[in-house]
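Trainee: Got a sequence here, can you model it:
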Amino acid sequence: MAYSGTYKVVVLGGGNVGKSALTIRLVTDNFLEDYDPTIEDLYTRTLTVDDVAVPVEVLDTAGQEEFLPMQDEWIRSSRGVLLVYTIDRRDSFEGVKQFREKVMRIKEGDKYVPVVLVGNKCDLEDSREVGEAEGRELAAAWKCPFFETSAKTKINNVECFVEIVREIQKADSIEAKANNKTEKKSFFASICNIL
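Mentor: Below you'll find the model as predicted:
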């Protein structure tokens, strides 16, 4: 069962990890040089995912602590989550774990929560504090895809968004199968009651 609406993706992570730069690069193919803290910006772009045009709404969010109360609503309204840290700041890597905990708590009723872990600013190899292997290990523990990206040099900047769409489609498939099983069980139960 293919989803025919717009895929809503929220980009979460600490302040100054490059969430806006990744989003702007995706939508306009421009790179943001200056850091301007975001409160909340919504962008739309059609992506080609496995040869199918898919409309995607990307909610670029604030990572600063004063906006924490708004995050619950952002998470609730999204279908998929890009969790972003920057490879040159270990604190952002540790912080992304708290963002995931929050996502899982808010989406607790969902059978499968579409998440992609993103280690951004991989062009800053000289000031790296978080190894690629650490990101891969964390993603493996979370059973989610992982990308190291750079909005500046266009490394995996589109691919991470394409992958979150695939993860949403995977969640839709899991949900459809679960609903189908429930419908079959209730159908057979009603037949048994009739007999």
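Trainee: my guess is residue 81 meets residue 114, correct?
Mentor: Yes - using C-beta atoms under 8 Å, residue 81 is in contact with residue 114, at 6.8 Å. Any C-beta I mention is one placed from the backbone N, CA and C, and that applies to glycine too.
Trainee: Which stretches in this protein count as strands?
Mentor: 7-13, 40-49, 52-61, 80-86, 115-120, 146-148 (DSSP state E).
Trainee: Where does the prediction get shaky in this protein?
Mentor: For the chain, applying pLDDT under 70 flags the ranges 1-4, 35-40, 63-68, 181-195.
Trainee: which residues in it form helices?
Mentor: 19-28, 68-77, 90-106, 132-142, 159-194 (DSSP state H).
Trainee: before we move on, the earlier item: CSV for the strands of the chain, including mean neighbour count and distance to residue 138?
Mentor: Shown next, in CSV, are those (neighbours: other C-beta atoms under 10 Å; distance: least, C-beta to C-beta, whole Å):
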stretch, mean neighbour count, distance to residue 138
strand 7-13, 24, 13
strand 40-49, 14, 25
strand 52-61, 19, 20
strand 80-86, 27, 9
strand 115-120, 27, 6
strand 146-148, 21, 8
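Trainee: can you redo these as TSV with distance to residue 98?
Mentor: Listed next are the strands of the chain as TSV, based on distance: least, C-beta to C-beta, whole Å:
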stretch	distance to residue 98
strand 7-13	10
strand 40-49	19
strand 52-61	14
strand 80-86	10
strand 115-120	13
strand 146-148	18
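Trainee: and residue 177, how many neighbours?
Mentor: 12 (other C-beta atoms under 10 Å).
Trainee: gap between it and residue 170?
Mentor: Separation of residue 177 from residue 170 (C-beta to C-beta, to the nearest Å): 11 Å.
Trainee: now do residue 129
Mentor: Distance of residue 129 to residue 170, given as C-beta to C-beta: 32 Å.
Trainee: Next: residue 87.
Mentor: For residue 87, the distance to residue 170 - C-beta to C-beta - is 27 Å.
Trainee: out of those two, which sits in the busier spot?
Mentor: residue 87 (27 against 13).
Trainee: List phi and psi for that one.
Mentor: Residue 87 adopts backbone torsions of phi -70, psi -10, taken as degrees, to the nearest 10.
Trainee: which residues touch it?
Mentor: For residue 87, the contacting residues are 93, 119-122, 124, 128-130, 132, 135, 148, by C-beta atoms under 8 Å, 6 or more residues apart in numbering.
Trainee: Now for residue 105, how many residues are close by?
Mentor: Count around residue 105 with other C-beta under 10 Å applied: 10.
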